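Trainee: here you go, sequence then predicted model.
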Amino acid sequence: MSKHGKILVAMSGGIDSTVAALMLHNDGYEVVGITMKTWDYAGSGGSKKETGCCNLDSINDARQLAVDLGFPHYIVDIREEFGESVIENFVEEYIAGRTPNPCVLCNTHIKWSALIRRAKQMDCEFIATGHYAHIRDDLGRYIISKAIDDTKDQSYVLWGIAQENLAMTRFPLGEFKKSEVRAMCLEWGYKDLAKKSESYEICFIPDNDYRGFLKRRVPALEANLKGGNFSNSRGEVIGEHEGYPFYTIGQRKGLGTAFGKPVFVTDIIAETNSVVLGSDDDLKRSGMIVGKINLQKYASITDGMAAVAKVRYKDSGTACRLYNGDGNIRVEFDEGVKAIAPGQSAVFYEDDDVIGGGIIQSSFVL
């Protein structure tokens, strides 16, 4: 009989999920390991071998830990549902002129759903991952908050997890810094794992060339869209581009044309295959409209609620006020925020707690 219950641990074969499984095993949980195969990069035509949770070496590393500690380990093939939801959304968003965040979609709609479903099938009471974040029960409301290690905090990508799924979730690494996790890995004898480098690319684009991925995925895209116009804020044509899906808000490098001064992508207009360029100051916005809302800390927000909003993973956050809209939240910033990209996630914080988040629909200047 286990001390704390039966727990299904998502194991990618990397250092974080491995240490999470080790900690839970040592704490007395009955651990069951699961590795999800999300993508087969060999068939995509990329120039780099598959990495992260998808490669055979990582799967074998996860399985070896389970063998060492004597707990069961399963491999689940979710490539079909991953492709239908995450990859198709990724392509559709770029074609719509937006900048998607596939890791958020994968976490909230694919991995968590797959984990919860398998956990129930295996009579597991909990699931766990190697994410750096905290989770707590506050009178029946489950709240995610930032990790101790602010350089590794992953609360931003977890805003979309539903309350019923948070109730079953554990994050063992939230109380530790990455350096401590590596030290534990060494202490427990996994020297090679402790030296593993981290992958920051999108798992299905390990060469980090999303343009190449889009061209391979939709062969007609480049031919149909090449030759669109770069324009300035006054609508004057100032050059030609390769096709609007190959650019993102805030981009400065890789425009393919020299303009004699630093310019940035300030807007993308899919309907006319137009990319608007401007100065650094032209990137500033007073607010944004955020849709597809999921609230965590509160069941609802009050108009004018104070918060700090992050508009990208590495964003330090900006003070703002939140207002209810028609299924959306209107966000008004205390000061201008640069490079707000529709399609990206906006996450609202109260101190270290995640109030909730959603997908950026548009931005505006007051």
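Mentor: Arrived safely, thanks for sending.
Trainee: mind listing what the nearest residue to residue 175 once chain neighbours are set aside touches?
Mentor: Closest residue in space to residue 175, ignoring its immediate chain neighbours: residue 148 at 5.8 Å, by CB to CB, 6 or more residues apart in numbering. (Glycine included, C-beta is placed from N, CA and C.) Contacts for residue 148 (CB atoms under 8 Å, 6 or more residues apart in numbering) come out as 174, 175, 176, 177.
Trainee: was I right to think the third one contacts residue 152?
Mentor: What that stands for is residue 176. No. Contact criterion CB atoms under 8 Å: residue 176 and residue 152 do not qualify, at 9.2 Å.
Trainee: so what pLDDT did residue 184 get?
Mentor: The model reports residue 184 with a pLDDT of 94.
Trainee: just residue 164 next, same as before
Mentor: According to the prediction, residue 164 has pLDDT 95.
Trainee: coming back round to it: want to try a markdown table for the contacts of residue 148, with pLDDT and neighbour count as columns?
Mentor: Shown next, in a markdown table, are those (pLDDT from 0 to 100; neighbours: other CB atoms under 10 Å):
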| residue | pLDDT | neighbour count |
| --- | --- | --- |
| 174 | 96 | 22 |
| 175 | 96 | 13 |
| 176 | 97 | 21 |
| 177 | 96 | 16 |
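Trainee: low-confidence ranges in this structure?
Mentor: Scanning the chain for pLDDT under 70 picks out 1-2, 41-54, 199-200.
Trainee: any idea how the chain splits into domains?
Mentor: Domain segmentation of the chain under automatic domain parsing yields 6-194, 226-279, 282-364.
Trainee: can you list these in TSV and add distance to residue 207?
Mentor: Shown next, in TSV, are those (distance: least, CB to CB, whole Å):
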stretch	distance to residue 207
domain 6-194	4
domain 226-279	15
domain 282-364	20
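Trainee: can you give me the helices for the stretch 101-250 of the chain?
Mentor: Under the criterion DSSP state H, counting those that start in this stretch, the stretch 101-250 of the chain contains helices at 102-105, 112-121, 163-166, 178-187, 191-194, 210-217, 220-225.
Trainee: out of these, which one sits most buried?
Mentor: Neighbour counts (mean count of other CB atoms under 10 Å) averaged over each of the helices of the stretch 101-250 of the chain peak at helix 102-105, with a mean of 20.
Trainee: the helices of the stretch 101-250 of the chain: which one's closest to residue 301?
Mentor: helix 163-166 (15.5 Å; CB to CB).
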